[in-house]
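Student: Based on what follows, work out the 3D shape:
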Amino acid sequence: MVFNAILGPDGLDQSVIDLPFNYDQSLDLSELKVGYLESAFNSDYSNRSRDSLSLVKLRELGFNLTPIEFPDFPVSSLSYILSAEAATAFDQLTLSNRDDELGAGREATPGPTCSAPPDSFLLSNIFRPIGPGGS
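Tutor: Reported below is the predicted structural model:
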């Protein structure tokens, strides 16, 4: 029921392609690799025990689990460029000297009605297309 509710495009996300979902029940799951970030699973965090159970279940189902690590690239130097790119979404507020309306410094309220500051929203969505054609 949930799958049917989220299946297909909603007209808002331009990265979705309307194609049928083809599931082959005869597929040998041991032929599929599932990569997981080993250092993340080995770190100490609140949901670690439940996350570890998901790896156990995937192994039980027969998936070929493959530990991976991200390369150690100096990506922090890109943060200024990404921040400047993100700021263009609020260009009109900035140019009209109304940028204090953005609410920078407010704490995010977790949950279904999250009221995170716009800059947090931008940072979490920085790589999504901003308009038609991804520009």
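
Student: Pull out the buried positions in stretch 46-61.
Tutor: By neighbour count, with 16 or more other Cβ atoms under 10 Å as the criterion, the buried positions of stretch 46-61 are 55, 58. Backbone N, C-alpha and C define where each C-beta goes, glycine included.

Student: Could you check how far it is from the centre of its chain?
Tutor: Stretch 46-61 sits 20 Å away from the centroid of its parent chain (Cα atoms, centre = their mean, to the nearest Å).

Student: Tell me, how many residues neighbour residue 35?
Tutor: Under the neighbour criterion other Cβ atoms under 10 Å, residue 35 is assigned a count of 10.

Student: I meant to write residue 88 there.
Tutor: Under the criterion other Cβ under 10 Å, the count of neighbours that residue 88 has is 11.

Student: What is the three-state secondary structure of it?
Tutor: The three-state assignment at residue 88 reads helix, by DSSP: H, G, I helix; E, B strand; the rest coil.

Student: Check the gap between it and residue 51 for me.
Tutor: Using Cβ to Cβ, to the nearest Å, we find residue 88 at a distance of 36 Å from residue 51.

Student: and what of residue 98?
Tutor: Counting by Cβ to Cβ, the gap from residue 98 to residue 51 is 42 Å.

Student: next one: residue 99
Tutor: Summarising the geometry, the distance separating residue 99 from residue 51, computed by Cβ to Cβ, is 39 Å.

Student: what's the average pLDDT for the longest helix anywhere in the chain?
Tutor: Across the chain, the longest stretch assigned as helix under DSSP state H is helix 48-61. Averaged over helix 48-61, pLDDT sits at 92.

Student: which strands and helices sit next to that helix?
Tutor: Identification of packing neighbours for helix 48-61 by 3 or more Cβ pairs under 8 Å, 6 or more residues apart in numbering; DSSP states H and E yields helix 38-42, strand 64-68.

Student: Now do that helix against strand 64-68, angle only.
Tutor: Following axes from the mean of the first three to the mean of the last three Cα atoms, to 10 degrees, one obtains 140 degrees for the angle between helix 48-61 and strand 64-68.

Student: Where do the helices of this protein begin and end?
Tutor: Listed in chain order, the helices found in the chain under DSSP H are 2-6, 38-42, 48-61, 79-87, 91-95, 118-124.
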